[in-house]
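Student: Sharing a model prediction with you, sequence too.
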Amino acid sequence: MGLLQVGDVITYTGALLAGVDEVGRGPLAGDVLAAAVMLNDQRPIAGLMDSKKLSAEKRRKLYEQITAASLCYSIGRASVAEIDDINILQATLLAMSRAVARLPISPEFVVVDGNRLPQWRVRSQAIVKGDTKIPSISAASIVAKVIRDAEMAELDKAYPGYGFALHKGYGTRQHLEALDRLGPCPIHRRSFKPVAAALAQRQAVDRMAGRCANPPGGEAAGDDTQIDNTQIENARTHKVQIDRPPKRAVKGG
C-alpha cells in the first residue's frame, strides 16, 4: 500500500488496509449495507471513485474487477427491524462492524467513510468524503451499492407498485405517492417519518372503514383477511446472486 497520509491524522505503511463504506442510510425501505474491501497492491484497479459519481454500468464493471482482484471483501448489514429498533445511525455502525468482522483476512488498519467509527478494537480512522480520497473506501462504496441495488430490484418483484427497482427505497415523489396510495409494506422503515405518517393514515382509514362496516348494535363482520407471510419470508431470506460469500485472499504475483 505504501505511505497513506490524510492531512495530519493518518500514516500507514502496511499492506493490510481495509476500506469501509455504507449504502442505504437515507432510504425509507430496505436494509442498510456496508462493505469492507482490502485491495491488492499487485493488482491495481483504475477508475475507483465515489460510487454515486459512476453510472450503473461502470459500477458493475468495477464491481467485477474489485471482487476478482482484491485481497478480500465482505458485506455486513442491519435489517429493517434493527434500524427501527436502534435507529439508523447505530444500525449503520453495526453493519460496518459486521462487514469488518467477516473479512477473511484481519486488517491492520481500517479507514471508514464519514465522521464516525463503530466501537471496535481495530486501529481505524474516519475520513469525511473518504470515498473520494481513499481507493479502498471507493471500492467499498461500489461493492455495497451494486449489491444493495440488486437486492432492491428483487424486492420490487416481491412488493410491486412502490418502484423499488427505480428509486432503491429513497423518498422520491413516486415513492411517497405509492406510500400514500398503498400504505407501507413489510420492508418499510416504520421509524422514518414519511412511513410512520403513511402507516398512521392507513390505520385511521381502516378504523373508519371498520366503524362503517360494523355500526353500533350491529353484528361484527367476520374478518376473512389472510396474512400471506410467503412474500415476507422470501424477501428476508432471498439471496441476490451477486452477493456471494467473501472470497479468500488472492496472493499477489
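Tutor: Sure thing, it's come through.
Student: Span of stretch 27-36 from start to end?
Tutor: 21 Å (CA to CA, to the nearest Å).
Student: For it, the averaged confidence score.
Tutor: Looking at stretch 27-36 alone, the average pLDDT works out to 98.
Student: Can you mark which positions in that stretch are buried?
Tutor: By neighbour count, with 16 or more other CB atoms under 10 Å as the criterion, the buried positions of stretch 27-36 are 27-36. Bear in mind the C-beta positions are built from the backbone N, C-alpha and C, glycine included.
Student: Save those residues as a markdown table, and put in secondary structure and distance to H175 too.
Tutor: Shown next, in a markdown table, are the buried residues of stretch 27-36 (DSSP: H, G, I helix; E, B strand; the rest coil; distance: CB to CB, whole Å):
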| residue | secondary structure | distance to H175 |
| --- | --- | --- |
| P27 | coil | 9 |
| L28 | coil | 7 |
| A29 | strand | 8 |
| G30 | coil | 11 |
| D31 | coil | 17 |
| V32 | strand | 17 |
| L33 | strand | 19 |
| A34 | strand | 23 |
| A35 | strand | 24 |
| A36 | strand | 29 |
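Student: Against H188, how distant is R202?
Tutor: 11 Å (CB to CB, to the nearest Å).
Student: These two: which is more packed in?
Tutor: For R202 versus H188, neighbours defined as other CB atoms under 10 Å are more numerous around H188 (25 against 15).
Student: quick one on the thing from earlier: farthest-apart pair in the buried residues of stretch 27-36, please.
Tutor: Greatest spacing in the buried residues of stretch 27-36, by CB to CB: L28 and A36 (25.7 Å).
Student: Return the list of helices and strands in contact with the longest helix seen in the chain.
Tutor: Assignment by DSSP state H gives helix 135-158 as the longest helix of the chain. Judged by 3 or more CB pairs under 8 Å, 6 or more residues apart in numbering; DSSP states H and E, the packing partners of helix 135-158 are strand 17-23, strand 32-38, helix 56-69, strand 72-78, strand 109-113, helix 164-167, helix 230-237.
Student: what's next to the fourth one, contact-wise?
Tutor: In this structure, residues lying in contact with strand 72-78 by CB atoms under 8 Å, 6 or more residues apart in numbering are 31-38, 66-67, 86, 91-92, 94-105, 139-140, 143-144, 147, 243, 246-250.
Student: Equivalent analysis for the third one, please.
Tutor: The set of residues that contact helix 56-69 without belonging to it, under CB under 8 Å, 6+ apart, is 37, 39-40, 43, 45, 47-48, 51, 54, 73, 139, 142-143, 145-146, 149, 242, 247, 250.
Student: at 6 Å what do you get?
Tutor: 40, 43, 45, 51, 139, 142-143, 146 (CB atoms under 6 Å, 6 or more residues apart in numbering).
Student: with these in mind, which one is nearest to T132?
Tutor: Using CB to CB, S51 comes nearest to T132 of the contacts of helix 56-69, at 10.6 Å.
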